[in-house]
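Enquirer: Got a predicted structure here, sequence first:
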Amino acid sequence: MENKNKPEINLTNAEWKQKLTPQQYYITRDKGTEKPYTGQYYNFFEKGIYTCVCCGNELFESDTKFESGCGWPSFFDVYSNKNVTLREDKSAGMIRTEILCKKCEAHLGHVFEDGPPPTGLRYCINSESLKFNTTSK
Ligand code: FE
């Protein structure tokens, strides 16, 4: 179910601007999209955990990352369904499913149903919304 309550971390736009780089702000707070094949993680396959660049919430694991060829980091599953929010997005003349950080409502990317087994999902995520951590679980 979608979390209709206020996010746990609720900063003003001015506060986010101080905390983030302009590109991170554009992606996560203005729902931007980085150009394909430009992000730091689309072609990056080290072992670790990807956290929210805004708040540190755990979002994805390297074990579920796959080479989708789409130019953005792609995962077939999330770290935990409790850590993300899915929301219908009718922008740009399409109906898509947006994925957001549940803790701070950072825009991460979109989910598509053309991923590999076992989920058949492709979480197509902007590198700019993520921070890679080598810390093991
Ligand atoms: Fe977050």
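Expert: Happy to help now that I have it.
Enquirer: My guess is residue 57 contacts residue 83. True?
Expert: Yes. A contact is recorded between residue 57 and residue 83 when judged using Cβ atoms under 8 Å, the distance being 5.4 Å. To be clear about C-beta, it is placed using only N, CA and C from the backbone, and glycine gets the same treatment.
Enquirer: what is in contact with the two at once?
Expert: Shared contacts of residue 57 and residue 83, defined by Cβ atoms under 8 Å, 6 or more residues apart in numbering, comprise 101, 102, 103.
Enquirer: and those as JSON lines, adding pLDDT, neighbour count and secondary structure?
Expert: As requested, these are arranged in JSON lines below (pLDDT from 0 to 100; neighbours: other Cβ atoms under 10 Å; DSSP: H, G, I helix; E, B strand; the rest coil):
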{"residue": "101", "pLDDT": "98", "neighbour count": "26", "secondary structure": "strand"}
{"residue": "102", "pLDDT": "97", "neighbour count": "23", "secondary structure": "coil"}
{"residue": "103", "pLDDT": "98", "neighbour count": "21", "secondary structure": "coil"}
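Enquirer: can you redo these as a markdown table with distance to residue 112?
Expert: Below are the shared contacts of residue 57 and residue 83 laid out as a markdown table (distance: Cβ to Cβ, whole Å):
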| residue | distance to residue 112 |
| --- | --- |
| 101 | 19 |
| 102 | 20 |
| 103 | 24 |
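Enquirer: rewinding a little: of residue 57 and residue 83, which one has the most company?
Expert: When residue 57 is set against residue 83 and neighbours are counted by other Cβ atoms under 10 Å, the residue ahead is residue 57, at 20 against 16.
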